[in-house]
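> What would the 3D arrangement of this be:
(one chain, ligands or ions: 2)
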Amino acid sequence: MPEIEQFDAIVIGSGQAGNPLAKALAKAGKRTAVIESKHVGGTCVNEGCTPTKTMVASGRVAYLARRGADYGVATGPITINMEKIRERKRAVVKSFREGSERAIKATDCDALIMGEASFAGPKLVRVQAKDGAERLIAAELIFINTGLRSSVPELEGIADVPYLDNASVMELGEVPEHLVVLGGGYIGLEFGQLFRRLGSRVTIVQSGTKLLGREDDDVAEEVRKILVQDGVGVLLNTKAYSVWKDDGGIAVAVSGSEGERTINGSHLLLAVGRVPNTDKLNPAAAGIELDERGYIRVDEFLETNVSGVYALGDVKGGPAFTHISYDDYRVAAANVLEGKRISIAGRMVPSTLFIDPELGRIGLTEAEARSQGLKVRIAKMPASSVARALETDESRGFLKIIVDAETDQILGAAILAVEGGEMASMIQIAMMGKLPFTALRDGIWSHPTWSEALNTVFFNFQH
Ligand SMILES: Cc1cc2nc3c(=O)[nH]c(=O)nc-3n(C[C@H](O)[C@H](O)[C@H](O)COP(=O)(O)OP(=O)(O)OC[C@H]3O[C@@H](n4cnc5c(N)ncnc54)[C@H](O)[C@@H]3O)c2cc1C
Ligand SMILES: NC(=O)c1ccc[n+]([C@@H]2O[C@H](COP(=O)([O-])OP(=O)(O)OC[C@H]3O[C@@H](n4cnc5c(N)ncnc54)[C@H](O)[C@@H]3O)[C@@H](O)[C@H]2O)c1
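Ligands and ions are numbered 1, 2, ... in the order given. The predicted structure follows:
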């Protein structure tokens, strides 16, 4: 048995909360160990936001290049160099990851240990280090930030076929001829449109009755129309039940509203959701409770049922976004280091789906607002009513804003537009400042920007 090394704090997982938290702990004079099994920076930097958005940028350039003639700009034949796209992606990821590594090492953080952590007892963590050594480390404060990984659906034959996940699909050196995507959520849609733009045939198989299950029906339907317009095949209400190797590619048997059929593709991407990295963590050894799906249970202050042990980011369940994980760091640091009692209950959860046009979201959907019994008014306007959209010939999508009919407060928004993420952020600021919708309607916005739509969208209350 290795000797127990005593620290003040242990951070398990160097994700979007773990990294800044480790720095804050070290700065506060706590001897801190950060344990990371794969790569510093976690999912977002290495296999999530950073590489996807870098590649989505290539897809958009290809899209605009193909549309050159619409703008009176002649272009030659468009060719895609997948190796170059991958190289660009790798370079951006490398620079972000190395930046994170440097930042951790520059602190007084005593130890960055590359290895897999699991609980060996209360406040005691075993690390299987990458160099083969085993270490036992103990601390009174432990922060779990181990994130999620791609889930593999229980499909007949899945163990015998090569399949891609969010990480391996970005390591391809050539454009797939026909990418079959299982799942019509964030990951399925971003990759689906990207690879279509890079030249693949793409079929998205979605088990739900609409894409993006949590969104309002009209929003999900408009997203579907846009993808179909781009040439992406979308099968709704359709479930894959069997897969096998076929003719150098893969065959996927599906059943759904259009009956049973086999889809033959060159590549299969799994995008059916993600599962928490708690299975190898052995939280039971420390008495830490999980929920029925394996997420770590926390209270509104991010503390688990074991005093002094916290969980941050995706692994605690709830909205799985980088900015939420980063906010968890802010909350945990304030509570643990500054003696505050900041709660995560009721905090704002913005998100942006990076298809083109983007879907920027903040606050309640119409369906959520109605199910809460609120009296709502819905302001909705097509993007084609915005001067900027017509001038730039990017007029797909719409703006939808949900307003409380009794207080005039903005309850939520779905902005499906090329700058949808930025516009939703503007609306979020108005919500943070509790501005009534009239303040936006009567505001002066420079012309011709997307922001100007805030003048006119509120002349379009539907009910
Ligand atoms: C393809 C894709 C695209 C995405 N795009 C966006 C986006 O555009 N915007 C957005 O906001 N969010 C996006 N997300 C979600 C975002 O990446 C996550 O919400 C975010 O990374 C959550 O971070 P985290 O702090 O929970 O942990 P993570 O970043 O997941 O980090 C967890 C770390 O813990 C390590 N670890 C796990 N188990 C152990 C163990 N036992 N011992 C030691 N280390 C361990 C892992 O190796 C990993 O490095 C995307 C996700 C994916 C998959
Ligand atoms: N831009 C962003 O912020 C961004 C981008 C990518 C991922 N993410 C985060 O990562 C999370 C995970 O993304 P995801 O797309 O894997 O999950 P998701 O939960 O968003 O979507 C999974 C989809 O797969 C469908 N599905 C489930 N089982 C299926 C099956 N057997 N066959 C066909 N369809 C099936 C579900 O109906 C659902 O629509 C997101 O919820 C989001 O929090 C964020």
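
> Could you pull out the buried residues of stretch 378-389?
When neighbours are counted by 16 or more other Cβ atoms under 10 Å, the buried residues of stretch 378-389 are found to be 378, 379, 380, 381, 382, 383, 385, 386, 388, 389. For every residue, glycine as well, the C-beta is placed using N, CA and C.

> Just send these back as CSV, with secondary structure, distance to residue 215 and pLDDT too.
Output for those, formatted as CSV (DSSP: H, G, I helix; E, B strand; the rest coil; distance: Cβ to Cβ, whole Å; pLDDT from 0 to 100):
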residue, secondary structure, distance to residue 215, pLDDT
378, strand, 14, 98
379, strand, 17, 98
380, strand, 14, 98
381, strand, 18, 97
382, strand, 17, 98
383, helix, 17, 98
385, helix, 21, 97
386, coil, 21, 98
388, helix, 24, 98
389, helix, 21, 98
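
> Just the terminal-to-terminal distance for stretch 42-58.
For stretch 42-58, the first-to-last residue distance is 23 Å (Cα to Cα, to the nearest Å).

> what pLDDT, on average, does that stretch get?
Here stretch 42-58 scores 98 as its mean pLDDT.

> and for that stretch, what are the contacting residues?
13-16, 18-19, 36, 38-39, 85, 88-89, 92-93, 96-97, 100, 145, 147-148, 166-167, 170, 190-191, 194, 198, 314, 322, 325, 354, 356 (Cβ atoms under 8 Å, 6 or more residues apart in numbering).

> With stretch 325-343 instead?
Where contact means Cβ under 8 Å, 6+ apart, the residues beyond stretch 325-343 that reach it are 15-18, 20-21, 24-25, 28, 44, 141, 143, 145, 300-302, 310, 312-314, 316, 344, 347.

> give me every residue that touches residue 380.
218, 398, 399, 400, 401, 457, 460, 462.

> and the helix or strand containing the third one, what does it pack onto?
This points to residue 399. Assigned by DSSP states H and E, residue 399 belongs to strand 398-404. Strand 398-404 sits against helix 217-229, helix 366-371, strand 376-382, strand 410-417, with contacts defined as 3 or more Cβ pairs under 8 Å, 6 or more residues apart in numbering; DSSP states H and E.

> Kindly recompute the last result at 7 Å.
When contacts are defined as 3 or more Cβ pairs under 7 Å, 6 or more residues apart in numbering; DSSP states H and E, strand 398-404 sits against strand 376-382, strand 410-417.

> can you tell me how far the residue in the stretch 201-350 of the chain positioned nearest to ligand 1 sits from ligand 2?
For the stretch 201-350 of the chain, the nearest residue to ligand 1 under the criterion Cβ to the nearest ligand atom is residue 313, separated by 2.3 Å. When distance is defined by Cβ to the nearest ligand atom, to the nearest Å, residue 313 is 11 Å away from ligand 2.

> what's the neighbour count on that residue?
Applying other Cβ atoms under 10 Å, we find 31 residues neighbouring residue 313.

> show me the contacts for it.
Contacts for residue 313 (Cβ atoms under 7 Å, 6 or more residues apart in numbering) come out as 15, 16, 17, 145, 147, 325, 328.

> for residue 208, same thing?
If you count contacts by Cβ under 7 Å, 6+ apart, residue 208 has them with residue 184.

> State the helix or strand in which it lies.
Applying DSSP H and E, one finds residue 208 in no helix or strand.

> Give me the pLDDT value at it.
Per the predicted model, pLDDT is 97 at residue 208.

> Same question for the one 5 residues further on.
At residue 213, the predicted lDDT confidence score is 97.

> SS state for it?
Using DSSP: H, G, I helix; E, B strand; the rest coil, the secondary structure recorded for residue 213 is coil.

> Show the backbone phi and psi for it.
Dihedral angles of residue 213 (phi, psi; degrees, to the nearest 10) stand at phi -40, psi -30.

> excluding its backbone neighbours, what's nearest it?
The shortest distance from residue 213 to any residue that is not its chain neighbour, by Cβ to Cβ, 6 or more residues apart in numbering, is 7.2 Å, and that residue is residue 185.

> One more: residue 233?
Leaving out its chain neighbours, residue 233 is closest to residue 203 (Cβ to Cβ, 6+ apart), at 4.0 Å.

> and if you look at residue 454?
Closest to residue 454 by Cβ to Cβ, 6+ apart is residue 440, at 4.4 Å.

> you'd agree the one you found is up against residue 430?
Yes: under the criterion of Cβ atoms under 7 Å, residue 440 lies in contact with residue 430, with a separation of 5.7 Å.

> for this structure, what spans make up the helices?
Ranges of helices in the chain, per DSSP state H, are 18-27, 42-47, 49-66, 82-106, 186-197, 217-229, 322-337, 366-371, 387-391, 420-432, 437-441, 453-456.

> Ligand 1: which of these is closest?
Short answer: helix 42-47, nearest of the helices of the chain by Cβ to the nearest ligand atom, at 2.4 Å.

> So for that closest one, what gets flagged as buried?
Judged by neighbour count using 16+ other Cβ under 10 Å, the buried positions of helix 42-47 are 42, 43, 44, 45, 46, 47.

> Okay, and the beta partners of residue 148?
residue 276 (DSSP bridges).

> Do I have it right that it meets residue 279?
No: Residue 148 lies out of contact with residue 279 (Cβ under 7 Å); the separation is 11.5 Å.

> Compute the first-to-last residue distance for stretch 106-125.
End-to-end distance for stretch 106-125: 24 Å, by Cα to Cα.

> From the contacts of stretch 325-343, which land in strands?
The members of the contacts of stretch 325-343 that map onto strands under DSSP state E are 141, 143, 310.

> Give me the nearest residue to the first one, chain neighbours excluded.
Pointing back at residue 141 there. residue 9 (4.2 Å).

> Now the closest residue to ligand 2 within the stretch 301-450 of the chain: closest residue in space, sequence neighbours ignored.
As assessed by Cβ to the nearest ligand atom, ligand 2 sits closest to residue 320 within the stretch 301-450 of the chain, at 3.5 Å. The spatially closest residue to residue 320, leaving aside those adjacent along the chain, is residue 314, at 4.3 Å (Cβ to Cβ, 6+ apart).
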